[in-house]
Every structure is written in C-alpha cells, then in structure tokens.
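Enquirer: Sequence first, then the predicted structure, then my questions.
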Amino acid sequence: MTHIVSQFRPGDQPEPFRPLLISFPPEVVNLVQTCGCHPSQWEGWTSVGRVIYVRFRHGRLWIGLAPDYRRTAPTMLFVARYPGEGGDDGYLHYETLQRLTEGIVDWP
C-alpha cells in the first residue's frame, strides 16, 4: 500500500512562480570552496545578489543560480561532462573551473 503525504494543508496555496532574471554572464563577486573533492563544490554571490552553486561530482560539472540562500531551488545555468583532474571524477581545480566556463560565468 502506498501513502502519499502532502506538505500542504487544506487551503494552503503554493507561492506564485517568479522568473529568475539572469544577467549573462553572471558576475560572481564572492566565492567560497565548501568542499575540496568528492564533490568539489563552491558557493557564492553574484553582483545582483543571487546565490551561485557549483558542484563537480562523477565527472559532471553543474552550476546553478538562486534568488536566495537555501530557500529556493537553484535554476540550472550550466552542465558539462569533464573527466576531472588526473582522471579523478570528483576533483576539480578552481583554475580548471574558470577555463571550462569562460564566457559563461565571470569569476572573481
């Protein structure tokens, strides 16, 4: 038997959809590496106050933007496959990130 549980109570309304305005390429003004490898991961802020998330794991580089920190799911900006540093599919140098995303993100 399957039970479906809803997060909404009767009468609750979901928040209306708000499009995420993205200046392209986004200018990152602050970036911190939050994990060194498995996955290599960064979080930061853009010049217009958006949050940027970067994650490299299993040879997949993913970059997303969100209007706030940890409340709204990020909008995917970029996804690419890359074998990783020295064949390690969970480790990426910051310099390699910059090179792979040149023209897509303006890094600090």
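Expert: Thanks, I have the structure now.

Enquirer: mind listing what the helix or strand of the chain with the lowest mean pLDDT pairs with, with the direction of each?
Expert: Taking mean pLDDT, DSSP states H and E as the measure, the chain has strand 75-81 as its least confident helix or strand, at a mean of 90. Strand 75-81 pairs in its sheet with strand 60-66 (antiparallel), by DSSP bridges.

Enquirer: Quick one: mean pLDDT for the partner strand?
Expert: Mean pLDDT, strand 60-66: 94.

Enquirer: Just the residues contacting it, thanks.
Expert: Strand 60-66 has contacts (Cβ atoms under 8 Å, 6 or more residues apart in numbering) with 20, 22, 26, 46, 50-56, 72-82, 92, 97, 100-101, 104-105. Glycine gets a C-beta too; all of them are placed from N, C-alpha and C.

Enquirer: Can you mark which positions in it are buried?
Expert: For strand 60-66, a neighbour-count test (16 or more other Cβ atoms under 10 Å) marks L61, W62, I63, G64, L65, A66 as buried.

Enquirer: if we can go back for a sec, show me which of the contacts of strand 60-66 are buried.
Expert: 26, 46, 50-56, 74, 77, 92, 97, 100-101, 105.

Enquirer: Now for these: which two are most distant?
Expert: R50 and L92 (21.7 Å; Cβ to Cβ).

Enquirer: just for the chain, where's the confidence low?
Expert: Filtered on pLDDT under 70, the chain yields the residue ranges 1-22.

Enquirer: how about the strands of it, start to end?
Expert: 28-35, 40-46, 51-57, 60-66, 75-81 (DSSP state E).

Enquirer: measure stretch 58-71 end to end?
Expert: Stretch 58-71 has its terminal residues 26 Å apart, counting by Cα to Cα, to the nearest Å.

Enquirer: switch to numbering from 127
Expert: OK, 127 is where the count begins now, so the last one is stretch 184-197.

Enquirer: I appreciate the help and will end here.
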